[in-house]
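> need a 3D model of the following:
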Amino acid sequence: MTAGLNFQRVTWLSAERSSSRLPELFSSSIRAGSPSGPDYDPNPAGADMTLVTRFRLTDRLNGTTQTLPGSTTDLDFSVPVTCVGTGGSDGSTCSASTSADATVPNAIREGRGTVAQVFRVRLNDSGPNGTRGDGDDQLFAQQGFFVP
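You can find the predicted model right below:
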């Protein structure tokens, strides 16, 4: 898969009660093989890419009393991303929107003053065989600055 990734929105939303939103992804003009290739959609029945967000949590749910502050080691949250072919000249549209609790139940506990530090967001494709998560996935895009 190559060309045309357009991160129109990758955002960290404030941790709302019982939702603890993860970054959302909406990208368009995703093509397979080349910038003018066909729509990218290797698995029409399911997820095609993985949005991986690395972050560190600090909360007050530690120690024997479960009231002491503490931080986790760095965690990678992986979220499946579904791509839908447009059938036209625009390329596929890929999107994901979920919460930490939907991905890992009780990952963020309410009322514990949790702080989440997000410091790496990347998007992996399904690799050469088109199967997501089987070890041949490849980095497609990640956050950062492009300096020509």
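> please identify the buried residues of stretch 41-51?
Across stretch 41-51, burial judged by 16 or more other Cβ atoms under 10 Å covers 41, 42, 47, 48, 49, 50, 51. In short, each C-beta sits where N, CA and C put it, glycine included.
> now flag whichever of those residues is closest to residue 113.
Nearest to residue 113 among the buried residues of stretch 41-51, counting by Cβ to Cβ, is residue 51 at 26.3 Å.
> phi first, then psi, for the closest one.
The phi/psi pair for residue 51 (degrees, to the nearest 10) reads phi -90, psi 120.
> which strand residues bridge it?
Beta-bridge partners recorded for residue 51 (DSSP bridges): residue 79, residue 123.
> about what we covered before: so which of the buried residues of stretch 41-51 belong to helices?
Among those, no residue falls in helices (DSSP state H).
> I'd like those as JSON lines, with distance to residue 65 appended.
Conversion of the buried residues of stretch 41-51 to JSON lines gives the following (distance: Cβ to Cβ, whole Å):
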{"residue": "41", "distance to residue 65": "51"}
{"residue": "42", "distance to residue 65": "49"}
{"residue": "47", "distance to residue 65": "40"}
{"residue": "48", "distance to residue 65": "45"}
{"residue": "49", "distance to residue 65": "42"}
{"residue": "50", "distance to residue 65": "37"}
{"residue": "51", "distance to residue 65": "36"}
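> got these as JSON lines, with pLDDT columns?
Putting those into JSON lines (pLDDT from 0 to 100) gives the following:
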{"residue": "41", "pLDDT": "81"}
{"residue": "42", "pLDDT": "80"}
{"residue": "47", "pLDDT": "86"}
{"residue": "48", "pLDDT": "87"}
{"residue": "49", "pLDDT": "89"}
{"residue": "50", "pLDDT": "89"}
{"residue": "51", "pLDDT": "87"}
